[in-house]
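In: I need the structure of the sequence given here:
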Amino acid sequence: MARRGGFPGGMPGNMNNLMKQAQKMQKQMEEAQKELEEKEITAAAGGGAVEVTVSGRHEVTKVKLAEEVVDPDDIEMLEDLIMAATNEALRQIDEVSQKSMASITGGLGGLGGGLPF
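Out: From the prediction side, this is the model:
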């Protein structure tokens, strides 16, 4: 009668290799996250009249306004330009983050996707 259970064909060695790869990937992801947190992205709105800079931590670090965009009679336009520039900068930092992580994980997508089990 055939023996059942266990890991035929030396599976523990493959599991060891898989664990080493996972640890290496985790270290790379931590390094990439640290680099991303130090990165800054600047986006503009209104043809450059408003510029907003955000960090990889999703914190606004700088806002620059052209003098001609500051109109006390049209505060709403200035608010819209600041919002547009901020949202674009946040979108760009998210895109950089996703590309960075995808380059490390090889585009696995989700937990276990593409792993050999």
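
In: how many neighbours does the nearest residue in space to residue 48 that is not next to it in sequence have?
Out: Setting aside the residues directly before and after it, residue 48 is nearest to residue 66 in space (C-beta to C-beta, 6 or more residues apart in numbering), at 7.1 Å. From N, CA and C alone the C-beta is placed, and that goes for glycine too. By other C-beta atoms under 10 Å, the residues close to residue 66 number 14.

In: same thing with the one 5 residues further on?
Out: In terms of burial, residue 71 registers 10 neighbours under the definition other C-beta under 10 Å.

In: how close does it sit to residue 57?
Out: Residue 71 is 32 Å from residue 57, where distance means C-beta to C-beta, to the nearest Å.

In: let's verify residue 61: helix, strand, or coil?
Out: Following DSSP: H, G, I helix; E, B strand; the rest coil, the label given to residue 61 is strand.

In: just checking, it touches residue 40?
Out: Yes - Residue 61 lies in contact with residue 40 (C-beta atoms under 8 Å); the separation is 6.2 Å.

In: what sits in contact with each of those two?
Out: Shared contacts of residue 61 and residue 40, defined by C-beta atoms under 8 Å, 6 or more residues apart in numbering, are found at 53, 54, 55.

In: could I have stretch 45-62 exported to PDB, CA atoms only?
Out: What follows is stretch 45-62, C-alpha atoms only, in PDB (Å, rounded to 0.1, in the frame of the first residue of the first chain):
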ATOM      1  CA  ALA A  45      -3.100  73.500 -12.000                       C
ATOM      2  CA  GLY A  46      -4.300  76.500 -13.800                       C
ATOM      3  CA  GLY A  47      -1.300  76.500 -16.200                       C
ATOM      4  CA  GLY A  48       1.200  76.500 -13.400                       C
ATOM      5  CA  ALA A  49      -0.600  79.200 -11.400                       C
ATOM      6  CA  VAL A  50      -0.900  76.800  -8.500                       C
ATOM      7  CA  GLU A  51       1.700  74.100  -7.600                       C
ATOM      8  CA  VAL A  52       1.300  71.600  -4.800                       C
ATOM      9  CA  THR A  53       4.100  69.300  -3.600                       C
ATOM     10  CA  VAL A  54       3.300  66.100  -1.600                       C
ATOM     11  CA  SER A  55       5.600  63.600   0.000                       C
ATOM     12  CA  GLY A  56       5.400  59.800  -0.300                       C
ATOM     13  CA  ARG A  57       3.700  59.900   3.100                       C
ATOM     14  CA  HIS A  58       0.800  61.700   1.400                       C
ATOM     15  CA  GLU A  59       1.600  65.000   3.200                       C
ATOM     16  CA  VAL A  60       1.400  68.300   1.500                       C
ATOM     17  CA  THR A  61       4.900  69.800   1.900                       C
ATOM     18  CA  LYS A  62       4.600  72.900  -0.200                       C
END
